[in-house]
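Undergrad: take a look and give me a structure for this.
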Amino acid sequence: MKTFLKFMLVMIVLTVVFLVWLFRRDADGVPILLYHQVNDIDHNEFTLSPEEFDAQMKYLVDNGYTFMQPDELLDAWDNQAPLPSKPVVVTFGGGRLDFYKTAFPILQKYNAKATLFVVTDFINLYPNYITWAQARELQDSGLVDIESNTLNYSNLADMLSNQDIRNQLINSKQAVEWYMKKPANYLSYPGGMYTREVEQITHDAGYRAAFTIDYGVAHSGRYVLPLIPIEGGKSHTLLRFKARLHCAPIIAPLNRLKNSMYHDGNGALAQYIWIP
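TA: Take a look at the predicted model:
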């Protein structure tokens, strides 16, 4: 019994030391949040209600977070300048109309900056996506930066032709620059999927940085900056938001382990790894 208690005490101490190390390692990291939809219609994991999104933005404001856009973050890193107190980057993927109708007014309410990655072939085409005129209105507000989410949201990692990848990256970049009359410096990989080849092509296409999904906080990386997905469609949405915001140093390695187990055919075990 005494041996077991000693073993448990050692394990607790090692766990605490490991957690302290994780948080200290990422102490200067910046959380970059990824949202998809904000509406009262689609009750799924990709959608928050307006009330839920409002509560999250209010939480960030009330707790002293400073909203940044990618250019501000990269400029600070490049110039080795100090970051503001509690920096956070808010991003949206796709360019859906509910961003313009629902999320943007809430951002205005809190004077919160955000980055909208648009699928350029969908703009002006589908009724549930914004128009280029609306994109310009968002950009002109000073709160929203319009960037690229590729031409048609194809999985770049599955493309066999480098030329097809270049077309997705270069043509969407040119579309944003043509309609927004400003540089398009940032790319969000569709579904967070990329390869080393995709990274290189992204660099060669002239993007300053690119984003994937990894649940962790960002340091001074460039073409695999982690996005923390913020989900809805379940209970305790604000609690789970706080968990992902504050516990990224723990959640990121757990999620990588879970994905690795699924990839290795150990899905039955992977399902026991809980991600809030």
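
Undergrad: quick one, strands of the stretch 51-200 of the chain?
TA: Secondary structure of the stretch 51-200 of the chain by DSSP state E, counting those that start in this stretch: the strands cover 66-68, 87-94, 114-118, 144-148, 186-188.

Undergrad: okay if I get the ones you listed as TSV plus mean neighbour count?
TA: Every C-beta, even on glycine, is put in place using the N, C-alpha and C of the backbone. Converted to TSV, the strands of the stretch 51-200 of the chain look like this (neighbours: other Cβ atoms under 10 Å):
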stretch	mean neighbour count
strand 66-68	19
strand 87-94	24
strand 114-118	25
strand 144-148	25
strand 186-188	27
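
Undergrad: spatially speaking, which residue is in the middle of this structure?
TA: Taking Cα atoms, centre = their mean as the criterion, residue 227 is the residue nearest the geometric centre of the chain, at 2.8 Å.

Undergrad: just checking, that one touches residue 216?
TA: No - Residue 227 is beyond contact range of residue 216, at 9.3 Å (criterion: Cβ atoms under 8 Å).

Undergrad: so what pLDDT did the residue nearest to residue 82 when sequence neighbours are not counted get?
TA: Once flanking residues are discounted, residue 82 sits nearest to residue 76: 7.3 Å by Cβ to Cβ, 6 or more residues apart in numbering. We have a pLDDT of 95 for residue 76.

Undergrad: mind checking how far residue 76 is from residue 91?
TA: Note on residue 76: its distance to residue 91, by Cβ to Cβ, to the nearest Å, is 17 Å.

Undergrad: how about residue 107?
TA: Applying Cβ to Cβ to residue 107 and residue 91 gives a distance of 12 Å.

Undergrad: find the residues that touch each one of those two.
TA: Listed as contacting both residue 107 and residue 91 by Cβ atoms under 8 Å, 6 or more residues apart in numbering are residue 114.

Undergrad: which stretches of the protein form helices?
TA: Using DSSP state H, the helices of the chain run over 2-25, 50-62, 70-78, 97-98, 104-110, 132-140, 162-180, 196-204, 237-246, 248-263, 267-270.

Undergrad: so for residue 33, which of those sits nearest?
TA: Nearest of those to residue 33, taken as Cβ to Cβ: helix 237-246 at 7.5 Å.

Undergrad: low pLDDT regions in this structure?
TA: Applying pLDDT under 70 to the chain flags residues 1-27.

Undergrad: what pairs with residue 211 across the strands?
TA: With DSSP bridges applied, residue 211 shows beta-bridge pairing to residue 188, residue 225.

Undergrad: how much space is there between it and residue 224?
TA: Residue 211 is 8 Å from residue 224, by Cβ to Cβ.

Undergrad: any common contacting residues for those two?
TA: With Cβ under 8 Å, 6+ apart, residue 211 and residue 224 have no common neighbours.

Undergrad: tell me which of these two has more neighbours.
TA: residue 211 (28 against 17; other Cβ atoms under 10 Å).

Undergrad: let me see the contact set for residue 33.
TA: Contacts of residue 33 (Cβ under 8 Å, 6+ apart): 88-91, 227-228, 230, 245.

Undergrad: which of those residues sit farthest apart?
TA: Among those, 91 and 245 lie farthest apart (Cβ to Cβ), at 13.9 Å.

Undergrad: what's the burial count for residue 63?
TA: Look at residue 63: counted by other Cβ under 10 Å, it has 11 neighbours.

Undergrad: my guess is it meets residue 88, correct?
TA: No - checked against Cβ under 8 Å, the pair residue 63 and residue 88 is beyond contact range at 9.8 Å.

Undergrad: which non-adjacent residue is nearest the residue nearest to the centre of the chain?
TA: Of all residues not flanking residue 227 in the chain, residue 34 sits nearest, at 4.0 Å (Cβ to Cβ, 6+ apart).

Undergrad: this completes my enquiry, with thanks.
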